[in-house]
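> no FASTA, just this:
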C-alpha cells in the first residue's frame, strides 16, 4: 500500500506511457514514483532494497511486496531491464527508450563497484549481426530465442583507483 505524503511530479516519456498502456498498467502514485527513480538516473541500476529506501526517503511508504510486483511488471513490459549481478541480486535499470536500437541486443558496460551502466552504442550494429547469427543457429536446432543480454563487467573510470591496472577476466 502506498501512503501518499508528497505528490511525485514525473514527466513520463511518450514511449514509456505507450508501453504501460499496452501492458495494461495504470499510472498510479507508486508507478509514477518508481518511474521517477529510474528516470532521474537513467544509467544507474537499483536493487529492490535501494529502490525501497529511495522511495521512503522521498516520503512514500510503499509496501515491499507491492514494489517487487511493480518492478517485475515494469520489466515485463519493457520499461525496465532486470539483470542479476555476481551476488545473484536483481538490479533494475531503465530500458532503452529508442525504438531504433533494439533493446534485446544493446550491449552495455556495468561497473561492478557502483553498478552504473553505460550503453556501448558503437558496438550495437556488430552485436545485432552476431545476435542474428546466434538466433539463426538456435532456430536450426529447433529452439526459439527471444532476447540476448550482453554486458561487459568491470570498473568504470570514476571508480578505478588512479594507477591501478585492471586485469580482464575470461
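Okay, I see it. Keep in mind the model is a prediction, meaning the values are calculated, not measured.

> what's the first-to-last distance across stretch 74-88?
20 Å (C-alpha to C-alpha, to the nearest Å).

> any idea how far it is from the chain center?
Centroid separation between stretch 74-88 and its chain, computed with C-alpha atoms, centre = their mean, to the nearest Å, is 5 Å.

> what sits up against it?
Outside of stretch 74-88, the residues within contact range by C-beta atoms under 8 Å, 6 or more residues apart in numbering are 16, 19-20, 22-23, 25, 31, 34-35, 38, 45, 71-72, 90-95, 103, 110, 112, 115, 149, 151, 153. No exception for glycine: its C-beta is placed from N, CA and C like everyone else's.

> Check the nearest residue to residue 150 once chain neighbours are set aside and give its pLDDT.
Residue nearest to residue 150 in three dimensions, not counting chain neighbours: residue 107, with 4.3 Å by C-beta to C-beta, 6 or more residues apart in numbering. Per-residue confidence (pLDDT) for residue 107: 77.

> And residue 153, by the same measure?
For residue 153, pLDDT reads 85.

> in stretch 82-100, what's buried?
Neighbour counts using 16 or more other C-beta atoms under 10 Å place 82-83, 90-97 of stretch 82-100 among the buried residues.

> For the residue nearest to residue 150, the count of nearby residues, please.
Around residue 107 there are 21 other residues, counting by other C-beta atoms under 10 Å.

> What is the nearest of the buried residues of stretch 82-100 to residue 132?
residue 96 (18.2 Å; C-beta to C-beta).

> so the closest one touches residue 119, yeah?
Yes: with contacts counted by C-beta atoms under 8 Å, residue 96 reaches residue 119, the gap being 7.0 Å.

> that older thread, name the nearest of the buried residues of stretch 82-100 relative to residue 134.
For these, the nearest to residue 134 is residue 83 (18.7 Å; C-beta to C-beta).
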